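In: Fold the following, please.
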Amino acid sequence: MSDRRAEIDAALTTVRERIATACRTAGRAENAVRLIAVTKTFPASDAALLTDLGVTDLGENREQEAGPKTADLRELRPDAAVRWHMLGRLQRNKARAVARWAAEVQSVDSDRLVDALDKAVRNAREAGDRTEPLDVLLQVSIDDDPERGGAPLDTLMPLADHVARSSELRLRGLMAVAPLTMTSDDAFERLARAADRLREDHPGATELSAGMTGDLESAVTHGSTCVRVGTALLGTRGLASP
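Out: Numbers count the residues shown, from 1 in each chain. The predicted structure is shown next:
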């Protein structure tokens, strides 16, 4: 086993143990929370090693990096059953590119982005670049700070209805990042309440993407169904893919 593979393997074991422990503490099944490995700034070779170790969900924050990396991974591991997640803020002019490689976009926060993604997925399907609708999560601005991505809490229901009317998008749930101005417990409790309200009108929107390296235990306590972990898996610095 190479040094890098051994390093990632050990880190992955630790992260999986943290998730399992958090689930047990919260009275949830140990397999109730899915891991998304965030590979931003790290090369496709690291993504390949993660797939070798059984990780099937990978996340990226920037289309400019993700597009080449997903192509590189297809060459490195052509048989890997990977689902790529777009996690970062997405500009509408990148929707067409993202529709070619993403299985899910977790950062939908406006009607205009919904329309752009709907059109992009339709075009990708017509061109033969994809066969499935695009899963989307609404990104929530928990503290309504306009400087960060995310839809304010009071706009979520109309935005969810807009996604639900789309023919090419599937509403899966909510995503959020705990703001620095709040404790993670307060932030994720507020997010959980929003998720409960969303499911009243959209019962299929069961995904709750919350929790990263530093706060995944709190997120699991408050009902997160997937955590987005990068630093604890791959380290604090990486080299961007070409």
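In: all contacts plus neighbour counts: C-alpha atoms, from now on.
Out: Will do.
In: Let me know how buried the closest residue to residue 34 other than its chain neighbours is, in neighbour terms.
Out: Computed as CA to CA, 6 or more residues apart in numbering, the closest residue to residue 34 that is not its neighbour in sequence is residue 226, at 4.4 Å. A total of 22 residues lie near residue 226 under the criterion other CA atoms under 10 Å.
In: For residue 226, give me its contacts.
Out: 33-36, 207-211 (CA atoms under 8 Å, 6 or more residues apart in numbering).
In: ok, 7 Å please
Out: Contact analysis of residue 226 by CA atoms under 7 Å, 6 or more residues apart in numbering lists 33-36, 208-210.
In: Reformat the residues you listed as a markdown table; add distance to residue 117 and neighbour count.
Out: A markdown table is the format used below for the contacts of residue 226 (distance: CA to CA, whole Å; neighbours: other CA atoms under 10 Å):
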| residue | distance to residue 117 | neighbour count |
| --- | --- | --- |
| 33 | 27 | 22 |
| 34 | 25 | 18 |
| 35 | 25 | 22 |
| 36 | 22 | 22 |
| 208 | 21 | 26 |
| 209 | 20 | 28 |
| 210 | 23 | 28 |
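In: if you look at these, which of them are in helices?
Out: Under the assignment DSSP state H, those contribute nothing to helices.
In: What is the nearest of the residues you listed to residue 201?
Out: Nearest to residue 201, judged by CA to CA, of the contacts of residue 226 is residue 208 at 15.6 Å.
In: I'd guessed the closest one sits against residue 173; true?
Out: Yes - applying CA atoms under 7 Å as the test, residue 208 and residue 173 come out as touching, 5.8 Å apart.
In: Give me the packing partners of the longest helix along the chain, helices and strands only.
Out: Secondary structure of the chain per DSSP H: the longest helix is helix 3-25. With contacts taken as 3 or more CA pairs under 7 Å, 6 or more residues apart in numbering; DSSP states H and E, helix 3-25 sits against helix 216-221, helix 231-234.
In: and among those, the most buried is which?
Out: When the helices and strands packed on helix 3-25 are scored by mean count of other CA atoms under 10 Å, the highest mean neighbour count falls to helix 216-221 (a mean of 24).
In: which helices and strands does it pack with?
Out: Partner elements for helix 216-221 (3+ CA pairs under 7 Å, 6+ apart): helix 3-25, helix 184-201.
In: Just the buried residues of the first one, please?
Out: When you say that, I think you mean helix 3-25. Neighbour-count burial for helix 3-25 flags 5, 8-9, 11-12, 15-16, 19-24 (criterion: 16 or more other CA atoms under 10 Å).
In: what does the last one give?
Out: For helix 184-201, burial by neighbour count (16+ other CA under 10 Å) applies to 184-185, 187-189, 191-192, 194-195, 198.
In: Return the closest of those residues with respect to residue 116.
Out: residue 198 (22.5 Å).
In: Please, which helix or strand holds the residue nearest to the closest one when sequence neighbours are not counted?
Out: Nearest non-adjacent residue to residue 198, counting by CA to CA, 6+ apart: residue 157, 6.7 Å away. Applying DSSP states H and E as the criterion places residue 157 in helix 156-165.
In: And that helix, what's buried?
Out: For helix 156-165, burial by neighbour count (16+ other CA under 10 Å) applies to 156, 159-160, 162-163.
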